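[1] Sequence below, structure please.
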Amino acid sequence: MAAEDEKSTSSNSGVISTAQDDERDQEKSDDISLPAHVPGSGSLDRLVDTARDYARAAASDNTLKAYAKDWAHFARWCRMKGAEPLPPSPEMIGLYLADLASGSGPSPALSASTIDRRLSGLGWNYAQRGFTLDRKNRHIATVFAGIKRRHARPPVQKEAILAEDILAMVATLAFDLRGLRDRAILLIGYAGGLRRSEIVSLDVHKDDTPDTGGWIEIFDKGALLMLNAKTGWREVEIGRGSKDQTCPVHALEQWLHFAKIDFGPVFVGTSRDGKRASETRLNDKHVARLIKRTVLNAGIRSDLPEKDRLALFSGHSLRAGLASSAEVDERYVQKQLGHASAEMTRRYQRRRDRFRVNLTKAAGL
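    Below you'll find the predicted structure:
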């Protein structure tokens with residue numbers, strides 16, 4: 001946006017002022033307080049603090065960060081156009097969507113799916129400020145419908161990591177402490193159909209840490225994971241494999257034993273020499289980097305340039321791999337992945353059902 005460039009070069013104070021306004025807006029969005037006519041007291045003030053904690057827990061940290069960025073971008077855009085973001089103006093929001101889709105100035109055009117996510121972020125931010133964003137208003141709905149019709153593309157799905165792939169990936173890992181940890185991450189993530197955030201949020205026991213996302217219990221026949229995920233609490237069973245070398249439960253036991261972990265986060269960092277475990281929980285980005293690194297080292301999709309191979313695989317490749325590889329009734333896969341519908345589970349299946357039923361032959365051709 002040319003106007004943005006001009007303002008940023010002509011006045012740094014304007015940018016600082018805008019950033020401060022955005023911070024104040026964000027503080028307002030978190031403001032939960034007593035009604036004006038109710039006198040404060042120690043117990044009520046404590047309840048206000050508790051309510052604020054619960055409100056902040058209504059969405060994941062990553063979602064809240066994304067929504068905050070959405071609002072900051074929209075607020076800056078409005079002020080550069082001589083308007084204010086509050087109260088919501090369907091006319092201005094429609095123009096904002098058109099600007100995002102057209103990619104005016106140096107800003108690249110955004111996809112329809114990204115614009116839809118931005119619109120969801122604005123709706124959430126307006127709700128936190130006591131306003132309602134009517135997405136069905138013609139100034140918003142018709143513009144967005146046109147964007148989807150003109151610019152929508154088929155969804156880009158990450159490549160599924162299949163059984164032979166995961167075996168090749170874990171074979172590239174060393175048997176030092178770091179290798180034991182990463183082997184357990186890949187095998188548990190694959191067998192459980194877990195999101196990368198779910199993998200790193202696990203604790204050894206229930207309520208070990210304030211930021212826990214679940215815990216594990218290990219039995220003779222396998223491991224039971226209790227996860228507090230996007231769709232609420234769910235139970236994930238991971239049975240023992242046919243051999244120790246590829247068994248996710250055995251890999252987990254080996255990591256916990258040699259890392260001497262019996263409390264707190266399951267997956268933590270290691271020292272630089274890879275010989276000692278720290279107490280710091282791994283970030284979910286470690287899982288994504290681990291997948292990409294082992295995909296390259298294992299030579300998976302070596303027919304493609306390295307850049308394309310890296311773009312094909314992500315944390316979701318583990319979930320897609322389980323959905324595509326497990327030759328069991330679909331309802332069991334749906335339960336393992338925590339999907340509310342079978343249709344969502346089918347979106348994760350890359351190869352499993354293609355051409356299994358040949359309607360051409362069934363129709364007599």
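[2] Show residues contacting the strand or helix carrying residue 253.
    Residue 253 belongs to helix 248-258 when elements are defined using DSSP states H and E. With contacts defined as Cβ atoms under 8 Å, 6 or more residues apart in numbering, helix 248-258 is touched by 170, 177, 180-181, 183-184, 187-188, 190-192, 204, 216, 218, 222-223, 238-241, 244, 261-262, 266. Heads up, the C-betas are built off the backbone N, CA and C, glycines and all.
[3] Among these, name the ones in strands.
    216, 218, 222, 223, 238, 239 (DSSP state E).
[4] before we move on, back to that, and the average pLDDT for the helix holding residue 253 is what?
    Mean pLDDT, computed over helix 248-258, is 96.
[5] From the chain's centroid, how far away is that helix?
    26 Å (Cα atoms, centre = their mean, to the nearest Å).
[6] Does residue 234 belong to a helix, a strand or coil?
    Using DSSP: H, G, I helix; E, B strand; the rest coil as the criterion, the local structure at residue 234 reads strand.
[7] is it true that it touches residue 198?
    No - contact between residue 234 and residue 198 fails when scored by Cβ atoms under 8 Å: they sit 9.6 Å apart.
[8] which stretches of this structure form strands?
    In the chain, strands defined by DSSP E lie at 202-203, 214-218, 222-229, 232-239, 268-270, 277-281, listed in chain order.
[9] hmm, who's touching the shortest one?
    Yep, that's strand 202-203 we're talking about. Counting contacts by Cβ under 8 Å, 6+ apart, the residues outside strand 202-203 that touch it are 209, 212, 213, 214, 215, 216, 225, 227, 264, 265, 266, 267.
[10] Can you tell me which of these are classed as buried?
    Burial by neighbour count, 16 or more other Cβ atoms under 10 Å: within the contacts of strand 202-203 this picks out 209, 212, 213, 214, 215, 216, 225, 227, 265, 266, 267.
[11] I'd like the residues you listed as JSON lines, with pLDDT appended.
    Putting those into JSON lines (pLDDT from 0 to 100) gives the following:
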{"residue": "209", "pLDDT": "94"}
{"residue": "212", "pLDDT": "91"}
{"residue": "213", "pLDDT": "92"}
{"residue": "214", "pLDDT": "95"}
{"residue": "215", "pLDDT": "96"}
{"residue": "216", "pLDDT": "96"}
{"residue": "225", "pLDDT": "93"}
{"residue": "227", "pLDDT": "91"}
{"residue": "265", "pLDDT": "97"}
{"residue": "266", "pLDDT": "97"}
{"residue": "267", "pLDDT": "97"}
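[12] Considering the residues you listed, which is situated nearest to residue 157?
    residue 227 (23.3 Å; Cβ to Cβ).
[13] domains of this protein?
    By the record's domain assignment, the chain is partitioned as 2-151, 163-348 (automatic domain parsing).
[14] one step back: how about the helix holding residue 253: buried residues?
    When burial is assessed from 16+ other Cβ under 10 Å, helix 248-258 yields the following buried residues: 248, 249, 250, 251, 252, 253, 254, 255, 256.
[15] what stretches of the stretch 251-365 of the chain score poorly on pLDDT?
    Under the criterion of pLDDT under 70, the regions of the stretch 251-365 of the chain flagged as low confidence span 321-361, 365.
[16] cool, the stretch 101-250 of the chain as well?
    Along the stretch 101-250 of the chain, segments meeting pLDDT under 70 span 105, 155-156, 231.
[17] can we see that at 80?
    For the stretch 101-250 of the chain, applying pLDDT under 80 flags the ranges 104-107, 152-158, 229-232.
[18] How many neighbouring residues does residue 315 have?
    Using other Cβ atoms under 10 Å, residue 315 is surrounded by 22 other residues.
[19] Please name the residues that touch residue 140.
    With contacts taken as Cβ under 8 Å, 6+ apart, residue 140 has the following neighbours: 90, 93, 94, 97, 119, 134.
[20] That one and residue 85: what is the separation?
    Taking Cβ to Cβ, to the nearest Å as the measure, residue 140 falls 15 Å from residue 85.
[21] cool, residue 311 as well?
    From residue 311 across to residue 85, the span is 34 Å (Cβ to Cβ).
[22] which residues sit in contact with residue 198?
    Going by Cβ under 8 Å, 6+ apart, residue 198 touches 192, 213, 214, 227, 229.
[23] Spatially nearest residue to residue 67, not counting backbone neighbours?
    For residue 67, ignoring the flanking residues on the chain, the nearest one in space by Cβ to Cβ, 6 or more residues apart in numbering is residue 121 at 4.4 Å.
[24] residue contacts, that neighbour?
    For residue 121, the contacting residues are 66, 67, 69, 70, 71, by Cβ under 8 Å, 6+ apart.
[25] List the residues that contact the residue nearest to residue 248 when sequence neighbours are not counted.
    Using Cβ to Cβ, 6+ apart and skipping residues adjacent in sequence, the residue nearest residue 248 is residue 187, 3.6 Å away. When contacts are counted by Cβ under 8 Å, 6+ apart, residue 187 is found next to 166, 170, 246, 247, 248, 251, 252.
[26] Run a quick neighbour tally on the residue lying closest to the second one once chain neighbours are set aside.
    In this case it means residue 170. For residue 170, ignoring the flanking residues on the chain, the nearest one in space by Cβ to Cβ, 6+ apart is residue 183 at 5.0 Å. Here the neighbour count serves as a burial measure; for residue 183 (other Cβ under 10 Å) it reads 27.
[27] Let me see the contact set for residue 183.
    170, 173, 251, 254, 255.
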